[in-house]
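Peer 1: Based on what follows, work out the 3D shape:
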Amino acid sequence: MNIILIGFRGTGKTTVGKILAQRMGKEFIDADEYLEQKEGKTIKNIFAVGGEKLFREIEAQIISELCILDNKVIATGGGAILREENVRKLRKNGIIIYLDADVDTIYKRIHEDTQTQQRRPSLTNRGAYEEIEYLLAYRRPLYDRIADFVVNTAGLSKNEAAKKIIAFINNHVLDLKTTAWNC
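Peer 2: Next comes the predicted model:
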């Protein structure tokens with residue numbers, strides 16, 4: 001069974017995911033990094049060539065590859081949940097943990113992370129803060145609907161967030177395995 005981290009960029013999926021993997025003796029895979037390595041291009045470059053449509057098609061192929069793995073911690077891209085087929089595949093062999101944060105926290109984290117700015121394209125014609133507000137308003141109900149557990153990472157250290165996830169898994173994993181296998 002995999003631990004799948006979903007949520008908007010800047011919520012801590014990669015940072016918390018690495019800690020989870022280390023503490024739980026699992027391999028960590030960042031789906032966006034995996035995609036970039038496989039394609040030999042940044043996500044921003046993929047968007048420049050074929051737009052969001054091409055990126056989402058490649059992302060779906062990557063999700064198909066990753067979801068058949070076992071005993072991994074997988075951080076998905078923020079929009080991976082936009083395709084129901086991705087959600088179904090991830091659910092088959094995974095516990096889905098939604099990392100959330102408020103707009104101010106996300107904006108601050110993204111703004112301070114130059115790597116994110118260089119590798120990730122804008123998805124709207126809005127300013128950075130307004131884009132986060134807009135996309136979160138659309139995506140939050142999707143994240144909430146598919147999550148087995150939600151951790152608001154605003155105000156938590158990466159270690160505190162990982163600790164909450166591990167406690168949840170230790171207390172609920174048997175119930176979730178049954179649920180995940182029946183989806």
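
Peer 1: all contacts plus neighbour counts: C-alpha atoms, from now on.
Peer 2: Noted.

Peer 1: what sits against Ile146?
Peer 2: Val87, Ile96 (CA atoms under 8 Å, 6 or more residues apart in numbering).

Peer 1: What count of nearby residues applies to Ala48?
Peer 2: Counted by other CA atoms under 10 Å, the residues lying close to Ala48 total 13.

Peer 1: partners of the helix or strand that contains Ile29 in the sheet?
Peer 2: Using DSSP states H and E, Ile29 falls within strand 27-30. Strand pairing for strand 27-30, using DSSP bridges, gives strand 72-75 (parallel).

Peer 1: going on from the partner strand, what's the next piece of helix or strand?
Peer 2: Past strand 72-75, the next helix or strand by DSSP H and E is helix 84-92.

Peer 1: What helices and strands are in contact with the next helix or strand along the chain from that following helix?
Peer 2: Downstream of helix 84-92, the first helix or strand assigned by DSSP H and E is strand 94-100. With contacts taken as 3 or more CA pairs under 8 Å, 6 or more residues apart in numbering; DSSP states H and E, strand 94-100 sits against strand 2-6, helix 128-146, strand 149-152, helix 158-182.

Peer 1: Out of these, which gets nearest to Ala80?
Peer 2: Checking those against Ala80 by CA to CA gives strand 2-6 as the closest, at 8.0 Å.

Peer 1: The closest one vs strand 94-100, what angle?
Peer 2: Here the directions of strand 2-6 and strand 94-100 differ by 30 degrees (axes from the mean of the first three to the mean of the last three CA atoms, to 10 degrees).

Peer 1: What are the buried residues along strand 2-6?
Peer 2: In terms of neighbour count (16 or more other CA atoms under 10 Å), strand 2-6 has its buried residues at Asn2, Ile3, Ile4, Leu5, Ile6.

Peer 1: which residues sit against the strand holding Ile29?
Peer 2: With contact meaning CA under 8 Å, 6+ apart, strand 27-30 is reached by Thr14, Gly17, Lys18, Ala21, Asn71, Lys72, Val73, Ile74, Ala75, Thr76.

Peer 1: The strand or helix carrying the fourth one: which residues count as buried?
Peer 2: Assigning secondary structure by DSSP H and E places Ala21 in helix 13-24. The neighbour-count check on helix 13-24 (16+ other CA under 10 Å) flags Lys13, Thr14, Thr15, Val16, Gly17, Lys18, Ile19, Leu20, Ala21 as buried.

Peer 1: In PDB, list the C-alpha atoms belonging to that helix.
Peer 2: C-alpha atoms of helix 13-24 as PDB (Å, rounded to 0.1, in the frame of the first residue of the first chain):
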ATOM      1  CA  LYS A  13       4.000  17.300  -0.300                       C
ATOM      2  CA  THR A  14       7.700  16.900  -1.300                       C
ATOM      3  CA  THR A  15       9.100  18.100   2.000                       C
ATOM      4  CA  VAL A  16       6.800  16.100   4.200                       C
ATOM      5  CA  GLY A  17       6.800  13.100   1.800                       C
ATOM      6  CA  LYS A  18      10.600  12.700   2.200                       C
ATOM      7  CA  ILE A  19      10.300  12.700   6.000                       C
ATOM      8  CA  LEU A  20       7.500  10.200   5.900                       C
ATOM      9  CA  ALA A  21       9.400   7.900   3.600                       C
ATOM     10  CA  GLN A  22      12.500   8.000   5.800                       C
ATOM     11  CA  ARG A  23      10.600   7.400   9.000                       C
ATOM     12  CA  MET A  24       8.500   4.600   7.500                       C
END
